[in-house]
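In: A predicted structure for the sequence below; I have some questions about it.
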Amino acid sequence: MSLKSKVILFISLILTTVLGILNLRVYNSYVDQYQILVDFNNKTWGFKNFENMEVDFPNFTVTSMHLKCIKARYLMKDKKYVEALDILNSIEYDPLKLSEVQKAEAYLTTGDIPKMFDSAKLGFESLPRNQAHLIYYLKALSLSSMNSEILDLYIKYVDKDTSDKWLYFYFTAVFGIMDETNSDLIKRRAKDTYHSYKEFNNKELNTVIYYILYGKKNYKESLASSTEASEMFAKNDFIGAANNYKKAFENFPINPDNYYNNMASSFKSNNFLDVIETYRIIPDSINPNNGKFEFLVAKAYLKKEDSINSCKFFKESIRLNFKLAESYYINLCEK
């Protein structure tokens, strides 16, 4: 064998060995990542070999998270915050700045608020619509008493692309800083958000908006009054039920169910004028326009022997597709 052939063979062996080692590292990494992905998706973090996991080759998982971020998460779950920060600070390329959010969490736990603020800000500015980035930035702003900056986030980022979770965390934060100087502004924004994002139907978001608009105490008292009214109605105490449903909608005037239930209770107790009066004060913005309210008003007028108004409301109920009103209208109004 010539010298040239020997050199080529030697280089081939070296390349084969190097490639074999690299392939083995990749293989071992993907074996680890199988368990890591299970932990990531289930938030169990039970992988035991995290101290020895491959974080440099490859350095990213299929989730686009840097493997050093993953390892740091295990370290933080093990309360090894210094080690976690060391590995996070060694990351050179992290376009989504996921490492900065973890650093913010670690700095918060260790009490280093200035560094926590810097990391939270970097993370948020890179991915402002991500809820994890938002949460830590809001915490950083709050701990730094930067209330005006919290309020300004609404102007910069609230639009039709904003998620309900983002809005929930934002309004939870501003609810905590409400005072005489900003209360009207926060209430106005909460009201606009409620009407603009109704399709989300997010219970958590709606609840914090209710707290802002009507006060936590009033909202909870409304729920209590409504519950008590339901119990009274079930016991045929219709007057008591009507009174409690009235308290419920007075404390929380945007729930149409309390108005309707008050009207139904008043009807059951033969207080037909109260049925009509309650209907008159229902805000147009919350009337479901399903014909149920108008049907009940029509029946109240019928009980008061006012056939003109009774027919008027039966007709309106039919227009709103409440089928039960049709037979009443035919028998009463078309003869």
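Out: Happy to help now that I have it. Keep in mind it's a predicted model, so treat the numbers as computed, not measured.

In: where in the stretch 151-300 of the chain is pLDDT low?
Out: Scanning the stretch 151-300 of the chain for pLDDT under 70 picks out the ranges 160.

In: I meant to write the stretch 1-150 of the chain there.
Out: Residue ranges of the stretch 1-150 of the chain with pLDDT under 70: 1-65.

In: and residue 244, what does it touch?
Out: Residues near residue 244 by C-beta atoms under 8 Å, 6 or more residues apart in numbering: 225, 226, 228, 229, 232. For glycine as for every other residue, the C-beta is placed from the backbone atoms N, C-alpha and C.

In: Out of those residues, which is nearest to residue 104?
Out: Ranked by distance to residue 104 (C-beta to C-beta), the contacts of residue 244 are led by residue 226 at 41.1 Å.

In: Quick check, that closest one in contact with residue 245.
Out: Yes. Between residue 226 and residue 245 there is a contact under C-beta atoms under 8 Å: 6.7 Å.

In: the more surrounded of the two?
Out: Neighbour count, other C-beta atoms under 10 Å: between residue 226 and residue 245, residue 245 has more, with 29 against 23.

In: so that one is in which element?
Out: Assessed by DSSP states H and E, residue 245 sits inside helix 238-251.

In: C-terminal to that helix, what's the next element?
Out: Counting by DSSP H and E, the element after helix 238-251 in chain order, helix or strand, is helix 256-268.

In: Other residues contacting the helix or strand following that next one?
Out: Using DSSP H and E, the helix or strand that follows helix 256-268 in sequence is helix 272-280. For helix 272-280, contacts defined as C-beta under 8 Å, 6+ apart pick out 242, 246, 259, 262-263, 266-267, 293-294, 296-297, 300-301, 303-304.

In: out of those residues, who's nearest residue 218?
Out: Nearest to residue 218 among the contacts of helix 272-280, with distances taken as C-beta to C-beta, is residue 246, at 14.0 Å.

In: I figured the closest one was touching residue 262, is that so?
Out: Yes. Using C-beta under 8 Å, residue 246 is in contact with residue 262, at 5.3 Å.

In: how about the helices in the stretch 101-250 of the chain?
Out: Secondary structure of the stretch 101-250 of the chain (DSSP state H, counting those that start in this stretch): helices at 113-126, 131-143, 147-157, 164-175, 183-196, 203-214, 216-234, 238-251.

In: Buried ones only from the contacts of helix 272-280, please, as a PyMOL command.
Out: PyMOL command restricting the contacts of helix 272-280 to the buried ones, with burial defined by 16 or more other C-beta atoms under 10 Å:
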select buried, resi 242+246+259+262+263+266+267+293+294+296+297+300+301
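
In: from the contacts of helix 272-280, which is closest to residue 204?
Out: Closest to residue 204 out of the contacts of helix 272-280 is residue 259 (24.5 Å), distances taken as C-beta to C-beta.

In: Any chance of TSV for the helices of the stretch 101-250 of the chain, columns distance to residue 316?
Out: TSV is the format used below for those (distance: least, C-beta to C-beta, whole Å):
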stretch	distance to residue 316
helix 113-126	51
helix 131-143	44
helix 147-157	39
helix 164-175	34
helix 183-196	24
helix 203-214	29
helix 216-234	26
helix 238-251	22
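
In: Could I get the phi/psi values of residue 177?
Out: As for residue 177, its main-chain torsions (degrees, to the nearest 10) stand at phi -120, psi 10.

In: quick one: contacts for it?
Out: By C-beta under 8 Å, 6+ apart, the contact list for residue 177 reads 142, 147, 150, 151.

In: try 10 Å this time
Out: By C-beta atoms under 10 Å, 6 or more residues apart in numbering, residue 177 lies in contact with 141, 142, 145, 146, 147, 148, 150, 151, 186.

In: Filter those residues down to the buried ones.
Out: Buried by 16+ other C-beta under 10 Å: 141, 147, 150, 151, 186, out of these.

In: Once you drop chain neighbours, what's closest to the third one?
Out: Leaving aside its chain neighbours, residue 150 sits nearest to residue 141 (5.0 Å; criterion: C-beta to C-beta, 6 or more residues apart in numbering).
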